[in-house]
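>>> Predicted structure and sequence below. I'll ask about it afterward.
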Amino acid sequence: MRKNLCKRMSALALAAAMVSTALAGCSGGGSTNETTAAVTKDQPDAAGEAEAKKEEDGTAEAGGEEVTIRLVHYMGEQAKRDALDAMLAAFAESYPNIKVDVEVVASSSYIATYKNYIAAGEAPDIMFGKPQNMTEFVEGGYFMDLTGEKCLENVLPMLADECTVNGGIYGFPIDAQVKACFYNKKMFEDANLEVPQTKDEFFKVCDTFMDQGIYPFVHPYNFIHGVFHELDSFFTSMAASTGNENVWMDSQNGVKDLGGNQVVTDAMEMFSKFASYKDAGDTAVDQTQGIQNFAAGQRPMYMNGGWLMGDVIAANPEGEFGMFPTPWSDNADDNKLWVGIDDVFIVSSQTEHKDEVMTLLEFFANEDCSKTWMDTAKLMTSNVTVPTDNADAFIKEIKSYIDNDRIVSKALVPDYTSEFSTAFRTKLQEFVTLDDSQRDVAKLIQEIDTEIGSIRQ
């Protein structure tokens, strides 16, 4: 298997930037590469829990030989980096003999960086990624199966499922990510609007804002992945409810084109309608500018992933924000919340420090670190036992959807991969920049089928 992966390295190198589209959702789009040491701060609660845990199971004695492990991630959001620093500071107090070197790379070069490290025999002990989008690395034997490890004991099952490849669990997801419509509560209140439950109500909300001279959506149309997030914020629920879970994979694999699929047509019509609520300046807005605009209250709604909320709240600590599933149906029960993995720790099978790595991941999985992640990164923890009583309002709303089983697993509707994903998202981006009179859904679908078919050949 390792030999097979090495043979594929050249092909993977050509596709690396395109494969990274699956990783770029939670990246700020930056291209900074840096190496940092773990920051040390006082975290008595997390440290106290760790001390008790060590007494219980005797793992990673603090007085042992000093060991350094490498952790590579691609988190572009400062709120996430701050959360990781706080967790590592608490860990350093409890386990001073385990040093953690952190390396930050851009999502656009993540896959290529991995390949280079692996080829040189220098794979990091811990990496970030999404196992189902990196199956060749799994099949090549480069990722460690974490099945049965303590860090996974309290993880939301659907998140563990999304880290599963060929029966093994190849990652520890630290959070339950969502794609949804995030909204400014004050702007809704000022407009005397309630959270929409159906598609019809949703577009009435949009029209009400337009009548008041307010464009309803933040549109990061200069960010290719932001365009896709608008579609995916509702399509995963739509596809899972209509028996179209494999629609993108069937297209990619040549099983069935998108043309003639009424659900795809309806979805693209709705996606096109989103674009009708834009102004000319939206084509210049990237993810960073979109976050700033939303935080400043320039637009009331932002269809995107929960990863942006840490930076939104950091920019506007007094802001009141909520979220709801982007409604695609006029039956409210159909409109379920997209839930999936985002920040996932993957362990290298080449690590010489498995015990120390597992000690770190188990520490990250404890209640205090889970709360640190929620409070600082502003993301829902993957740990189902952790209360959200003191969390931000939108996190409580996410927890409510999970508790009431009004969620849909992103794993049910896998995305296009590699160059297929790039081609698809490029077509979507070109489409939304067109004037209303120029957008033709039938033509868009035909162009996507043609482009995907040409890549398959």
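That came through, no problem. Given the structure is predicted, the values throughout are model-derived calculations rather than measurements.
>>> how close does residue 340 sit to residue 145?
21 Å (C-beta to C-beta, to the nearest Å). The way it works is simple: take the backbone N, C-alpha and C, and place the C-beta from them, glycine included.
>>> Pick out whichever of the two has more residues nearby.
With neighbours defined as other C-beta atoms under 10 Å, residue 340 and residue 145 compare such that residue 340 has more, 24 against 16.
>>> residues in contact with the more buried one?
Contacts of residue 340 were listed using C-beta atoms under 8 Å, 6 or more residues apart in numbering, and they are 158-159, 162, 176-179, 409-411.
>>> go with 7 Å
The contact partners of residue 340, by C-beta atoms under 7 Å, 6 or more residues apart in numbering, come to 162, 177, 409-411.
>>> what's the closest of those to residue 440?
Nearest to residue 440, judged by C-beta to C-beta, of the contacts of residue 340 is residue 410 at 29.0 Å.
>>> Got the phi and psi for the closest residue to that closest one other than its chain neighbours?
Spatially, and ignoring its direct neighbours in sequence, residue 410 is nearest to residue 340 (2.9 Å; C-beta to C-beta, 6 or more residues apart in numbering). In terms of degrees, to the nearest 10, the main-chain angles of residue 340 are phi -160, psi -180.
>>> Quick check: bridge partners of residue 340?
residue 177 (DSSP bridges).
>>> So for it, what's the pLDDT?
Reported pLDDT at residue 340 in the predicted model: 95.
>>> Would you quantify the distance from it to residue 113?
In terms of C-beta to C-beta, residue 340 sits 24 Å off from residue 113.
>>> Residue 410: neighbour count?
24.
>>> these two touch, right, it and residue 338?
Yes - the criterion here is C-beta atoms under 7 Å, and residue 410 meets it with residue 338 at 5.8 Å.
>>> what touches both of the two?
Joint contacts of residue 410 and residue 338 (C-beta under 7 Å, 6+ apart) are residue 236.
>>> Just want to check the distance between the most centrally placed residue in the chain and residue 377.
Taking C-alpha atoms, centre = their mean, the centroid of the chain lies closest to residue 342, which sits 3.4 Å from it. Noted for residue 342: a distance of 10 Å to residue 377, by C-beta to C-beta.
>>> Please apply the same query to residue 421.
25 Å.
>>> More neighbours: which of the two?
residue 377 (29 against 24).
>>> Give me the nearest residue to the more buried one, chain neighbours excluded.
Spatial nearest neighbour of residue 377, excluding adjacent residues (C-beta to C-beta, 6+ apart): residue 83 at 3.9 Å.
>>> who touches residue 306 in this structure?
Contacts of residue 306 by C-beta under 7 Å, 6+ apart are 177-178, 379-380.
>>> give me that answer again for 6 Å
Residue 306 sits next to 177-178, 379 when contact means C-beta atoms under 6 Å, 6 or more residues apart in numbering.
>>> what does residue 317 give?
If a contact means C-beta under 6 Å, 6+ apart, then residue 317 has no contacts.
>>> I'd say residue 86 and residue 373 touch.
No - applying C-beta atoms under 6 Å, one finds residue 86 not in contact with residue 373, separated by 8.8 Å.
>>> With just CA atoms, put stretch 251-265 into CSV.
Provided in CSV are the C-alpha atoms of stretch 251-265 (Å, rounded to 0.1, in the frame of the first residue of the first chain):
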residue,chain,number,x,y,z
SER,A,251,-21.8,12.8,-11.3
GLN,A,252,-18.1,12.6,-10.6
ASN,A,253,-18.0,8.9,-11.2
GLY,A,254,-20.0,9.0,-14.4
VAL,A,255,-23.0,7.1,-12.9
LYS,A,256,-25.5,9.8,-13.7
ASP,A,257,-25.3,13.4,-14.9
LEU,A,258,-27.0,16.3,-13.0
GLY,A,259,-29.2,17.1,-16.1
GLY,A,260,-32.7,15.8,-15.7
ASN,A,261,-32.5,15.7,-11.9
GLN,A,262,-35.4,17.9,-10.7
VAL,A,263,-34.1,18.2,-7.2
VAL,A,264,-30.8,19.6,-8.6
THR,A,265,-32.7,22.0,-10.8
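>>> average pLDDT across it?
98.
>>> If you count neighbours, what's buried in it?
251-252, 257-258, 261, 263-265 (16 or more other C-beta atoms under 10 Å).
>>> Assign a three-state SS to residue 208, would you?
Three-state assignment for residue 208 (DSSP: H, G, I helix; E, B strand; the rest coil): helix.
>>> now do residue 101
Quick answer, by three-state DSSP: residue 101 is strand.
>>> what separates it from residue 342, distance-wise?
Distance from residue 101 to residue 342, by C-beta to C-beta: 23 Å.
>>> Can you report phi and psi for residue 173?
According to degrees, to the nearest 10, residue 173 has phi -80, psi 130.
>>> for residue 123, same thing?
Per-residue torsions, residue 123: phi -60, psi 140 (degrees, to the nearest 10).
>>> just checking, it touches residue 114?
No - here residue 123 does not reach residue 114: they are 7.5 Å apart, not a contact under C-beta under 6 Å.
>>> who touches both of the two?
Counting by C-beta under 6 Å, 6+ apart, nothing touches both residue 123 and residue 114.
>>> ok now do the nearest residue to residue 209 once chain neighbours are set aside, which residues does it touch?
Computed as C-beta to C-beta, 6+ apart, the closest residue to residue 209 that is not its neighbour in sequence is residue 216, at 4.3 Å. Each residue near residue 216 by C-beta under 6 Å, 6+ apart is listed here: 206, 209, 277, 300-301.
>>> Which positions within stretch 141-157 qualify as buried?
The neighbour-count check on stretch 141-157 (16+ other C-beta under 10 Å) flags 142-146, 149-152, 154-156 as buried.
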